[in-house]
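[1] what follows is a predicted protein model with its sequence.
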Amino acid sequence: MKLTLKSEEGDLALVQIAGELSQKRLAHEANPLDELLGEECYGRKVLFDLRRVTAIDSSGVGWLLSTQKSFRMQGGKMVLHSLSPFARDVLKILNMQLVFQIAENETSARQLVQEPST
């Protein structure tokens, strides 16, 4: 899994995730989001672009869940957008649209991240 910072605009960061989203790739490394944006990033708004995700397993979903929990605990917000067909299918099978905020594209994600949290 590779995380790339596409841009930063104030408290909004756009991050692209590419490759396999799997705990196998994360097990022996520090949290790649912490390394990319710093541990204070969970108080910000972050849009995750998943168009280049080639595979996602249950441990990858677990990473997304724990990441979302960190955002909620620290007052930030995350939105997933532009899901690859594979990522979309996996998250749909697991009913993760009930858990994550998911947008069709970056424009929709920008609108969604600005809405008040419930």
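    Received the coordinates, thanks.
[2] go through this protein and flag its longest strand.
    In the chain, assigned by DSSP state E, the strand with the most residues is strand 45-56.
[3] next one: Glu9 from Leu83, what distance?
    22 Å (C-beta to C-beta, to the nearest Å). C-beta coordinates here come from the backbone N, C-alpha and C atoms, glycine included.
[4] to clarify, my last question referred to Pro32.
    Distance from Pro32 to Leu83, by C-beta to C-beta: 19 Å.
[5] who's more crowded, the two?
    Between Pro32 and Leu83, counted using other C-beta atoms under 10 Å, the more crowded position is Leu83 (22 against 16).
[6] now do the strands in the protein.
    Using DSSP E, strands in the chain cover 2-9, 12-21, 45-56, 77-81, 102-103.
[7] and those, which is most packed in?
    Ranked by mean neighbour count under mean count of other C-beta atoms under 10 Å, those are led by strand 77-81, which reaches a mean of 23.
[8] adjacent strands (with direction) for that strand?
    Strand 77-81 has its sheet partners listed here by DSSP bridges as strand 45-56 (parallel), strand 102-103 (parallel).
[9] of all these, which one comes closest to Met96?
    Smallest distance to Met96 across these (C-beta to C-beta): 7.7 Å, for strand 102-103.
[10] what mean pLDDT does the closest one get?
    Strand 102-103 shows a mean pLDDT of 97 in the predicted model.
[11] understood, closing this out.
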